[in-house]
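Colleague: Can you look at this prediction? I've put the sequence above it.
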Amino acid sequence: MVIWNMGRSHSLDKVRNIGIIAHIDAGKTTTTERMLFYTGVSHKMGEVDLGTAVMDWMEQERERGITITAATTTCFWRGHCVNIVDTPGHVDFTVEVERSLRVLDGAIGVFCGVSGVEPQSETVWRQADRYNVPRIAFVNKMDRIGADYFRVVDDVRRKFDTIVLPLQIPIGKEDNFVGVVNVINRKAYVWDLDKLGMRFSVREVPEELRERAEEMRQQVIEVLADFDESIMEKYIEGKDISEEELKKVIRRATVAGKVIPVLCGSAFKNKGIQPLLDAVVDFLPSPKDIPPMRGFNPLTGELIERRADDNEPFSGLVFKIVNDPFVGRLAYLRIYSGTIKAGSYVYNSTRDIKERVERLLRIHSNKRVDVDTMYAGDIAGVIGLKHTFTGDTLCDENKKVVFESMKFPEPVISVAVEPKTKADQEKLSLALKRMADEDPTFHVRCDVETGQTIISGMGELHLAIIVDRLRREQHVSVNVGKPQVAYKETVRRCVERQEGKFIRQTGGKGQYGHVVLRIEPLKKDERFEFVNDIHGGSIPKEFIPSIKKGVEEAMESGVLAGYPVVRVKVTLIDGSYHPVDSSDIAFKVAASIAFKEGMKKADPYLLEPIMAIEVNVPKEYLGNIVGDINARRGRVWSVEERGEQKTVKAFIPLSEMFAYATNLRSLTQGRGTYVMQFDHYEEVSKNIVGKIKGL
């Protein structure tokens, strides 16, 4: 059934597009579930542990109790429309956070009241920094033993080097946590446990907290005085400053990314969510508050801005593709300007094609509602875009613009998969293509030597989920090989001149390609650079793309152990051509020959992925853990104390980390936990190279 729009349901200044970001198990999904319950979207509280969370709708999410895919929903609070994206916390699915933050206007960073700032918290915070996303912080799990609100506030301030504004004080500790004091309006909020947190009483600040509340209020005012002259004057003159004045300046400073307001509560125990929703409305930006979206004209390259306005030309960014079993290929679109209608045509400026919008959907987790029109600031589901992918720009064909896309990390682990039956073999390639369309960090290739299908991803869990989804969603059963590390190859020295020739004479029209390349190492963060440095007409310019293509194909398999080549700069410095026999294929082959030969002379070496690992163990097991890390070629760079626990931070090669969870349980009698994420690539030591090459 289609619901025909009669116009905007909410003015643009009353729209909030926010994400929930945090480390795994900090309580993101539970916080989102409570938001949906208190705003009336859900009539029953979803629980992650029971597999009933609305936002964790995939079977794999409900079985494992973790979020795997970013889920979108809409709720309403105080006359505002709040679009929420609940993101995963596990490092294997960091792509979901990356693409969500690219299109969101604000975010809530959720922190565990016991653990504080954890490794993945730092990762998602840096991602938000990269896209200049304003944030508020919510210290969750204040009912847990060992929860310490002010320690977490200090942790956020210190690790993120930012100005934090604690706006609340917890009332009670751990099991006795009952509510919060709002230092801005000098009121206490105490929740009624018998009413699932639906009701709370507003009281005077408890006597024992009044002095602390006034001190914190003064500290907030001192910080805000730097952002507002009126606040500064009243502060100097000793005048009282109203709640509305403070909230107005907090909002301005938050939207500018200058401060981080901090609140607290316990989502699981239904405390603190309503003030958090108030903070979303009061402090996080609407689409009108953020700077205009910048792009460029694909024809002229000139800079173009698109303001959040329904009357501007239509533009939007596709940030996610999903193959839905009920509606087919579904694109998630953030609309930055103008409007889009079901049944209309849009222009994909990234790929220079027109696409038809068959249906428009407003999305609530895995449920959808058809709508006729969607507006600037909306997050829409679009059906009918057959050739559009993650990161593509959609716009008005007569007002072309291309927005910056997203950068995704390269996979670090691979496994070989083979179909179990002939029927599975026919379906496997199509199923893998669909999944690769959805997930830019999931790669598929065929090993030319063995003929095996190799799938690559961000970690063991990532690939395990892919294989499980193949079975459940695509109905394809596969056998899976042992995990393989995604090694890379690069070069140490510069080769100034390396010739490559491909000459064939067969009696008729032959083949002639001749190139001279310079090959040199690049900086660590760069994968590949190709430069045409030919002056004159020794090679016609129409053959240059083929030369670059030949180099890129040669880089797919290095000369040491057949791994992809990275961190290389290739400069075309000379060559020659034949007016009759030269062709694209001849120059492509010549470039490939030159690169392979040149790489052998450039002192090639292997790179391996290095993981940043953080292990939490009782202090009596510290020696065991450090010894084990050293035995795994790891480097311990920090040991911190958190109560009775020790936190060991180290860098360890990924090849040494398979089945680490089992080993950690054995070393700590089941009391140790760890998190791990990819950090960087390093040169493989010479005594290990032989093992990798199978010598």
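Modeller: Nice, I can see it. Given the structure is predicted, the values throughout are model-derived calculations rather than measurements. Numbers count the residues shown, from 1 in each chain.

Colleague: Pro261 touches Ala137, doesn't it?
Modeller: Yes. Checked against CB atoms under 8 Å, the pair Pro261 and Ala137 is within contact range at 7.2 Å. Glycine gets a C-beta too; all of them are placed from N, C-alpha and C.

Colleague: Now for the two: what residues contact both?
Modeller: Residues touching both Pro261 and Ala137 by CB atoms under 8 Å, 6 or more residues apart in numbering: Val164.

Colleague: neighbour count winner among those two?
Modeller: Counted by other CB atoms under 10 Å, Pro261 and Ala137 do not tie: Ala137 has more neighbours, with 29 against 25.

Colleague: For that one, list the residues it contacts.
Modeller: Taking CB under 8 Å, 6+ apart as the test, what Ala137 contacts is 108-111, 156, 164, 260-263.

Colleague: Equivalent analysis for Ile136, please.
Modeller: Taking CB under 8 Å, 6+ apart, one finds 106-109, 254, 260-263, 276, 279-280, 283-284 in contact with Ile136.

Colleague: in which helix or strand would I find the residue nearest the centre of the chain?
Modeller: In the chain, the centroid-proximal residue (CA atoms, centre = their mean) is Glu98; its distance is 2.2 Å. Assigned by DSSP states H and E, Glu98 belongs to helix 94-103.

Colleague: Quick one: residues in contact with that helix.
Modeller: Against helix 94-103 from outside (CB under 8 Å, 6+ apart): 17, 19, 21, 68-70, 85, 87-88, 107, 120, 123-124, 127-128, 130-131, 133, 317, 319-320, 334, 379, 390-391, 406-409, 439-441, 458, 677.

Colleague: now the closest residue to His443 other than its chain neighbours: how far from Phe200?
Modeller: Ranked by CB to CB, 6 or more residues apart in numbering and with sequence neighbours excluded, the top spatial neighbour of His443 is Ser456, at 4.4 Å. According to CB to CB, to the nearest Å, Ser456 and Phe200 sit 50 Å apart.

Colleague: try Pro540
Modeller: 76 Å.

Colleague: The two: which is more packed in?
Modeller: Phe200 (20 against 11).

Colleague: Count the neighbours of the nearest residue to Leu299 once chain neighbours are set aside for me.
Modeller: Distances taken as CB to CB, 6+ apart place Lys400 nearest to Leu299, at 6.7 Å, with adjacent residues excluded. Neighbour count for Lys400, taken as other CB under 10 Å: 20.

Colleague: Enumerate every residue touching Lys400.
Modeller: Here Lys400 is in contact with 297-299, 347, 349 (CB under 8 Å, 6+ apart).

Colleague: how about these in a markdown table, adding secondary structure?
Modeller: As requested, these are exported to a markdown table (DSSP: H, G, I helix; E, B strand; the rest coil):
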| residue | secondary structure |
| --- | --- |
| Asn297 | coil |
| Pro298 | coil |
| Leu299 | coil |
| Tyr347 | strand |
| Ser349 | coil |
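
Colleague: What distance do you get for the residue nearest to His443 to Tyr512?
Modeller: Distance from Ser456 to Tyr512, by CB to CB: 38 Å.

Colleague: Quick check: the closest residue in space to Thr668 that isn't next to it in sequence vs Val675, distance?
Modeller: Once flanking residues are discounted, Thr668 sits nearest to Tyr621: 4.6 Å by CB to CB, 6+ apart. Distance, Tyr621 to Val675, by CB to CB: 17 Å.

Colleague: ok but Trp125 is inside a helix, no?
Modeller: Yes. According to three-state DSSP, Trp125 belongs to a helix.

Colleague: my read: it touches Gly109, true?
Modeller: Yes. The criterion here is CB under 8 Å, and Trp125 meets it with Gly109 at 6.5 Å.

Colleague: Between these two, which contacts overlap?
Modeller: Joint contacts of Trp125 and Gly109 (CB under 8 Å, 6+ apart) are 21, 135.

Colleague: Ile108 looks like it's in a helix, true?
Modeller: No. Ile108 is assigned strand when assessed by three-state DSSP, not a helix.

Colleague: if I pick it, what's in contact with it?
Modeller: So Ile108 contacts 18-21, 31, 135-138, 276, 280 (CB under 8 Å, 6+ apart).

Colleague: rerun that using 6 Å as the cut-off
Modeller: Contacts for Ile108 were tallied using CB atoms under 6 Å, 6 or more residues apart in numbering; they are 20, 136, 138.

Colleague: Now do it against Arg135, distance only.
Modeller: Distance from Ile108 to Arg135, by CB to CB: 7 Å.

Colleague: Touching both of the two, which residues are there?
Modeller: By CB under 6 Å, 6+ apart, no residue touches both Ile108 and Arg135.

Colleague: now do the same end-to-end measure for stretch 464-484.
Modeller: The first and final residues of stretch 464-484 sit 14 Å from each other (CA to CA, to the nearest Å).

Colleague: Pull the residues that contact that stretch.
Modeller: With CB under 6 Å, 6+ apart as the criterion, stretch 464-484 contacts 60, 68, 413-420, 424, 427-428, 431, 658.

Colleague: buried residues in stretch 121-137?
Modeller: 121, 123-125, 127-128, 133-137 (16 or more other CB atoms under 10 Å).

Colleague: where do the strands sit along the stretch 151-300 of the chain?
Modeller: Applying DSSP state E, counting those that start in this stretch to the stretch 151-300 of the chain gives strands spanning 163-166, 168-171, 179-182, 187-191, 200-203, 259-264, 293-296.

Colleague: pull the CA atoms of the fifth one into PDB?
Modeller: Right, strand 200-203. Extracted in PDB, the C-alpha atoms of strand 200-203 (Å, rounded to 0.1, in the frame of the first residue of the first chain):
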ATOM      1  CA  PHE A 200      10.100   9.800  36.400                       C
ATOM      2  CA  SER A 201       9.700  12.400  39.000                       C
ATOM      3  CA  VAL A 202      11.300  15.800  38.900                       C
ATOM      4  CA  ARG A 203      12.600  16.800  42.300                       C
END
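
Colleague: That strand - contacts with which helices or strands?
Modeller: strand 187-191 (3 or more CB pairs under 6 Å, 6 or more residues apart in numbering; DSSP states H and E).

Colleague: Ok, the fourth one next?
Modeller: Here strand 187-191 touches strand 179-182, strand 200-203, going by 3+ CB pairs under 6 Å, 6+ apart.

Colleague: burial measure for the nearest residue to Tyr563 once chain neighbours are set aside, as a count.
Modeller: Excluding the flanking residues, the one nearest Tyr563 by CB to CB, 6+ apart is Tyr487, at 4.5 Å. Tyr487 sits with 24 neighbouring residues when counted by other CB under 10 Å.

Colleague: do you know how far Tyr487 is from Gly562?
Modeller: 9 Å.

Colleague: likewise Ile383?
Modeller: Using CB to CB, Ile383 is found at 42 Å from Gly562.

Colleague: Just want to know which of those two has more residues nearby.
Modeller: Neighbour count, other CB under 10 Å: between Ile383 and Gly562, Ile383 has more, with 19 against 14.
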